[in-house]
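Participant: heads up, no residue letters with this:
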C-alpha cells in the first residue's frame, strides 16, 4: 500500500493553501487528491472579480485567484492527482482513491486534511411544490454551464434566493443576453453581499423581492413559469399575494451545505449548526491527525478567509506529522456563543496547544444593528467590538491570544456574546 | 440642482445615500454612516466604473473566461459584452493574454483570466 | 399487419411484451413518451405488496400474490434490485386490532404466508423507531421493495433483446376496428395488428372506449411523495403502512431498495391525466401523517418530492381481458396498486389470453436473462480494478453522491433502449438521484449525453419528447 505523510482531500482554495502551508513547514510527502480534471475547485467557474483583496491586496477573478495558489503549489513541487476521487477514509487514515489510470488504490496517511468544499441546497430540500420540468437549476450548476461549458440554459430567468451565487448569476445571465425578471428571497434580508446587490441587480434594473418565495412551478416537461408569493413572519405564503412570472429557467440560490460524506463515514464528530466537523484551536477534528478547513468546515463568504484558515490547518498538520503537537490532555475549553450568534469555529480551545493567535469565526442568526460583539473568559470581558450592523450573510471573527489565558487564568468557558449597544453610542465598527 | 439616491456598498449596512448635484458637481452627500459612504457616492455619481467579466468563444469550441484589465465606465458594460460575444479567439489561450486590445472604445484591453485548451 | 401492438411501455406493458417475446410473434410497443417507464410506473411506492389488502377472490388478490412470489425469481433472471424487507400495518388503538385481524384473515384467504399480529413490544423489537402511538401491528414478512424503474427497464430491455420493437414518442390518436384486427392512427403514422393490448395506464379508458361500447372510466389518483436522504434510509427497515380508517388509507413510511426513506402517497382524485405536480397541501399532509407511524422522522432530510398518478378504475379492480364487442383487444386497465407487484403475473396472465387469440410458437433463440448495468460501487476492489483496466471510464466518478461512474452512464446510453434524456440516465444508473439532486453531475452528464448522441448541449432534454413545447 502506498504511504504518504499528508493527504489533502480536495484541490480547491482550501486544499491548495493547506498544502502550501504544510510544505513550507517542512512536510515534503504530500498528496492533493482532486476530483475535477484540474486544480482550483469551484473558483474555476467563479469568473467574476472580487477575490483576493485580503490576500493579494488586489481584485482578482476566481480562476486568477486559484492560479496564484496553483503556481505556488507547483513551484513548491507539491504532488497532486486530478480526476481522482476519495471514496473512503478509515479512522486509521487509510484512504481509498479512484481514478482512470490507476484504478482503485489505497493510501495510508499519517495525517489527513479534509477540504472537500460544499454543495448547494437542492430544490427538494426547499419543499417547492409543482412539476419537475427541465429548466430548474441550482445557481452553481448554471454557473458551471455558462462559464465553463459556454451553454446558456435559458432566456427568461427567475432566481430564488439572494445568496451571492444567485446574485452573481443574475448579472451573468443578463450579460449573456437572458432576461432576469426577478430575484426572490424568502427572508426579509438578502443573504448576499451589498456590493453584489448593487452591482449585479441594481446596475441592470433587476428587482429583488424580499420575503417572497416560489409557491408554484408551471410546465411539465419544460419550465413555463413560476408563481411567487409574499410570506408572513413565519415564512408562510400569504394568499392573495401571488404573482405569476413566465420563465424558462429557475435558478436556486438557497444555501450551501458542507460536503461531509467522508467525514461522517469516518465517524468524525459533527456540529449540527455548521454541518461541519467539530474542531479545536488547531482545526483538528475528533480524530487526531485529521484536520479540516474551508467550506467543508463551515461555509465562508470570502475565499481569502478560506485560504487563511486552510494555512492554519496545514501548519498544524505539519506539526502533528513531525510530532510537535502537544497531545490533548483535556477536553479543552468550550467556546459558547450567546445573544444571537449561532455557532463558532473552533468550538473548543486548548490554550496549551496554541502556537499562534486563534481566529474564532462565527455568524449571527439574524440582522442586528448598533451592537457589540464581546469576548469573555467566563464572566470577564476581554474584548469588545462595535458593530453598526451584523448580518447572517457576513462572517465575523474574534482573535484569541495565548496571553489572555496567561493573564486571566484558565476559564471554564470562552464566551462570545452579541450585546445591544446604547442608543446614543454611534462609534463605528471599532475595537474598544 | 438634482438628487440621486444610491445604496452604499461599503458594508452590509447598505446606507441609502442622497447625493445633491449641481450638474456634474457633487454638492452634498447625506444618509451615510461613515466616510466610506461619502467616497463611494462621489465616485458613483460622477464616474461609475466596473470591471467586466465574461467569457469569449474559442475557435475549436468551448469558452475561456476574460475580464477588462481595468474598470470601464458603467455605461459601456453592455457594449463591451456585445463586442466580446462576437469575438472568437484561437486557443490555446494563456492567463493574462490580451484577447482584445481596446474594448468599446475605452482604450482598455480585455485579458484572459484562465487557461484554455 | 403485426401480430401484437402493446400500447404503453410502463411496467405492465413491458412485462407483457417480455412474456410474449418468447414466441414467434411480430410485436411492437408504442409509447407516447421518449422512454419506457414514464407514467405511473416511475412514480409510485416501489413496494412489493404481500397481498393482504385486496378483496379475496378478486383479480387484484390473485395477481398480487402470484406477482409477489414471482418477483424474487424475476429479479434474478432480469437483474433488478429486490428485497423482502417485510411490511407492517400499524394501528393506534385497542379497538383497531380487529381491523388488523380482518386484514390478516383476508391475507390468509388470498394465500399470503406467515402473517402475524404483533403487540407493540414485539413490534418494537423488529422496528425500534415506531411512533409512541403505535398500539399493535400486522407483520407481513413476504412484503418487499423493488426499484420500479429498473424493474420496468429490465423487462423492456429483455423484450427488446428478444425482438420486440419499441416505437417511442409515438402517440396513439385513434383506433379503428377492422374486420380482423385493429388499425392504430398515431402521430407517426398508422399501424395495424391482429391483437392490441391496452396497457396505457391512466389513458387506458380512452383507448378502451375507442373500441368498445361498454365504457369504462379511469380516475387519475394523484399521490405526492417525499424522498429523504440516505442518512435517513435506515430509520426503519420494514415498509410501514397505516391501518386504513374512515379517514383514509394513510401514509406509508418505507426504506427504498437503494437506501433512501420514502414517505407518501397522498390520494387526490383528479381529472387531468398529466397533472403530476405536487402541492403544498399534499407535502404537508405527508409530513403530518407519517409521524403517526414512525417517530422523529428527520423531515429536514427531504431531498426531493414527486407525484404519481394511479389509474383508478371506478370498480376498484384490475380490468384485464377482451371487451365482448372488441375481440382481439385486451384491456390491461385500472392497474393501480398493487400493479407493480402484480406485473410479473400480469405478463403471464395476458400471455395466456393472447394464446387464445393466436397460436404461440416458442422461439428457439429466446434469451431468458438480461444483465443490468454493472454497478461499480457493488464490486470488490479487484473487480473494480479489472473493469477500469478494461475500460478507464469506470475510473471516473460522475455522480459523487451515488458513486456512479462514467462507464455506467455510457452503458446506460449505449445499451438496447438506451437513455436519451437526463432522467433516462438517472432512472437507469441513479446518477443525479442523490442528495445534491444532480447539482454537480448535470453538466457532466449533459456533456456525455451530447457526445454520445451527437447533439449540442441545447438539445439535451431532462425528460419528455423532442417536439414538446
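Facilitator: Structure's in. What do you need? Predicted, not measured: the structure shown is a model, and the values here were computed from it. Numbering: from 1, shown residues only, chains lettered A, B, ... in the order given.
Participant: pLDDT score for the residue of chain A most remote from its centre?
Facilitator: Here chain A reaches farthest from its C-alpha mean at residue A:240, the gap being 37.1 Å by C-alpha atoms, centre = their mean. You'll see residue A:240 listed with a pLDDT of 97.
Participant: ok, now residue A:339?
Facilitator: 94.
Participant: Distance check, it against chain C.
Facilitator: 25 Å (C-beta to the nearest C-beta, to the nearest Å). For the C-beta atoms, the positions are set from N, CA and C on the backbone; glycine is no exception.
Participant: got the contact list for that residue?
Facilitator: A:417-419 (C-beta atoms under 8 Å, 6 or more residues apart in numbering or on different chains).
Participant: Help me confirm that the residue farthest from the centre of chain A is found in a helix?
Facilitator: No - assigned with DSSP: H, G, I helix; E, B strand; the rest coil, residue A:240 falls outside any helix and is coil.
Participant: mind checking how far it is from residue A:214?
Facilitator: Using C-beta to C-beta, to the nearest Å, residue A:240 is found at 16 Å from residue A:214.
Participant: what do you get for residue B:56?
Facilitator: With distances taken as C-beta to C-beta, residue B:56 is found 34 Å from residue A:214.
Participant: among the contacts of residue A:339, who's most crowded?
Facilitator: Using other C-beta atoms under 10 Å in any protein chain shown as the neighbour criterion, residue A:418 leads the contacts of residue A:339 with 21 neighbours.
Participant: Just give the nearest non-adjacent residue to it, would you?
Facilitator: Once flanking residues are discounted, residue A:418 sits nearest to residue A:339: 3.6 Å by C-beta to C-beta, 6 or more residues apart in numbering or on different chains.
Participant: what's the domain layout of chain C?
Facilitator: Using automatic domain parsing, the domain ranges for chain C come out as C:82-143+C:219-312, C:376-468.
Participant: For chain B, which residues are neighbours of chain C?
Facilitator: Not one residue of chain B sits near chain C, judged by C-beta under 8 Å from any C-beta of the partner chain.
Participant: Low-confidence bits of chain B, can you list those?
Facilitator: Low-confidence segments of chain B, defined by pLDDT under 70, span residues B:12.
Participant: So in it, which helix runs the longest?
Facilitator: helix B:35-46 (DSSP state H).
Participant: So that one, near chain A or not?
Facilitator: No - residues of helix B:35-46 contacting chain A under C-beta under 8 Å from any C-beta: none, with a closest distance of 8.8 Å.
Participant: name the helices or strands packed onto that helix?
Facilitator: Using 3 or more C-beta pairs under 8 Å, 6 or more residues apart in numbering or on different chains; DSSP states H and E, the elements in contact with helix B:35-46 are strand B:2-7, strand B:16-22, strand B:25-30.
Participant: low-scoring pLDDT stretches of the chain, where are they?
Facilitator: Just so you know, I chose chain A. A:423-432.
Participant: Actually, chain C is the one I wanted.
Facilitator: C:247, C:468-469.
Participant: let's see 50
Facilitator: Across chain C, the ranges flagged by pLDDT under 50 are C:469.
Participant: which SS class is residue C:214?
Facilitator: Applying three-state DSSP: residue C:214 is coil.
Participant: Could you report the separation of the spatially most central residue of chain B from residue B:80?
Facilitator: Against the mean C-alpha coordinate of chain B, by C-alpha atoms, centre = their mean, the closest residue is residue B:50 at 1.5 Å. As judged by C-beta to C-beta, residue B:50 and residue B:80 stand 10 Å apart.
Participant: shared neighbours of the two, which are they?
Facilitator: Contacts common to residue B:50 and residue B:80, judged by C-beta under 8 Å, 6+ apart, are residue B:72.
Participant: before we move on, back to that, so which of the contacts of residue A:339 belong to strands?
Facilitator: Mapping the contacts of residue A:339 onto strands (DSSP state E) picks out A:417-419.
Participant: Which helix or strand contains the residue lying closest to residue B:72 once chain neighbours are set aside?
Facilitator: Distance criterion C-beta to C-beta, 6+ apart; nearest residue to residue B:72, sequence neighbours excluded, is residue B:106 at 4.7 Å. For residue B:106, there is no enclosing helix or strand under DSSP states H and E.
Participant: same question, residue C:327
Facilitator: Going by DSSP H and E, residue C:327 is not in any helix or strand.
Participant: next one: residue B:95
Facilitator: Here residue B:95 is assigned to no helix or strand, by DSSP H and E.
Participant: give the contact list for residue A:324.
Facilitator: So residue A:324 contacts residue A:318 (C-beta under 8 Å, 6+ apart).
Participant: which SSE is it in?
Facilitator: Counting by DSSP H and E, residue A:324 is part of no helix or strand.
Participant: distance of it from residue C:27?
Facilitator: For residue A:324, the distance to residue C:27 (C-beta to C-beta) stands at 74 Å.
Participant: hey, where'd the helices end up in the chain?
Facilitator: Reading this off chain A. Using DSSP H, the helices found in chain A span residues A:13-24, A:53-56, A:62-75, A:139-147, A:164-175, A:194-196, A:261-266, A:303-321, A:402-408.
Participant: ah, I was thinking of chain C
Facilitator: Ranges of helices in chain C, per DSSP H, are C:11-20, C:59-77, C:97-110, C:120-126, C:148-161, C:204-211, C:280-290, C:339-355, C:381-390, C:406-414, C:422-429, C:441-453.
Participant: quick one on the thing from earlier: nearest residue to the residue nearest to the centre of chain B other than its sequence neighbours?
Facilitator: Per C-beta to C-beta, 6+ apart, closest to residue B:50 is residue B:74, 5.4 Å.
Participant: I figured the one you found was touching residue B:52, is that so?
Facilitator: No - counting by C-beta atoms under 8 Å, residue B:74 stays clear of residue B:52, with 9.7 Å between them.
Participant: circling back: can you put the domains of chain C in TSV and add distance to chain A and mean neighbour count?
Facilitator: Formatted as TSV, the domains of chain C follow (distance: least, C-beta to the nearest C-beta, whole Å; neighbours: other C-beta atoms under 10 Å in any protein chain shown):
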stretch	distance to chain A	mean neighbour count
domain C:82-143+C:219-312	3	19
domain C:376-468	3	20
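Participant: Which phi and psi values does the residue nearest to residue B:50 adopt?
Facilitator: Phi and psi for residue B:74, reported as degrees, to the nearest 10, are phi -50, psi -40.
Participant: Beta-bridge partners for the residue lying closest to residue A:170 once chain neighbours are set aside, please?
Facilitator: The shortest distance from residue A:170 to any non-neighbouring residue, by C-beta to C-beta, 6+ apart, is to residue A:180 (4.7 Å). Beta-bridge pairing for residue A:180 (DSSP bridges): residue A:157.
Participant: how much space between residue A:180 and residue A:224?
Facilitator: For residue A:180 relative to residue A:224 (C-beta to C-beta), the value is 17 Å.
Participant: on that earlier part again, so for chain A, which of the helices and strands packed on helix B:35-46 sits nearest?
Facilitator: Closest approach to chain A among the helices and strands packed on helix B:35-46 is made by strand B:2-7 (5.4 Å; C-beta to the nearest C-beta).
Participant: got a list of contacts for the closest one?
Facilitator: With contacts defined as C-beta under 8 Å, 6+ apart, strand B:2-7 is touched by A:194, A:197-198, A:202, B:14-22, B:40-41, B:44-45.
Participant: same deal with stretch C:387-395?
Facilitator: Residues from elsewhere that reach stretch C:387-395, judged by C-beta under 8 Å, 6+ apart: A:98-104, C:374, C:376, C:379, C:384, C:405-408, C:410.
Participant: of those residues, list those near chain B.
Facilitator: Within these, nothing lies near chain B by C-beta under 8 Å from any C-beta.
Participant: Looking at the residues you listed, spot the one nearest chain B.
Facilitator: Distances from chain B to the contacts of stretch C:387-395, taken by C-beta to the nearest C-beta, are shortest for residue A:100, at 18.0 Å.
Participant: How about the backbone phi and psi for the residue nearest the centre of chain A?
Facilitator: Taking C-alpha atoms, centre = their mean, the centroid of chain A lies closest to residue A:299, which sits 2.1 Å from it. The phi/psi pair for residue A:299 (degrees, to the nearest 10) reads phi -80, psi 130.
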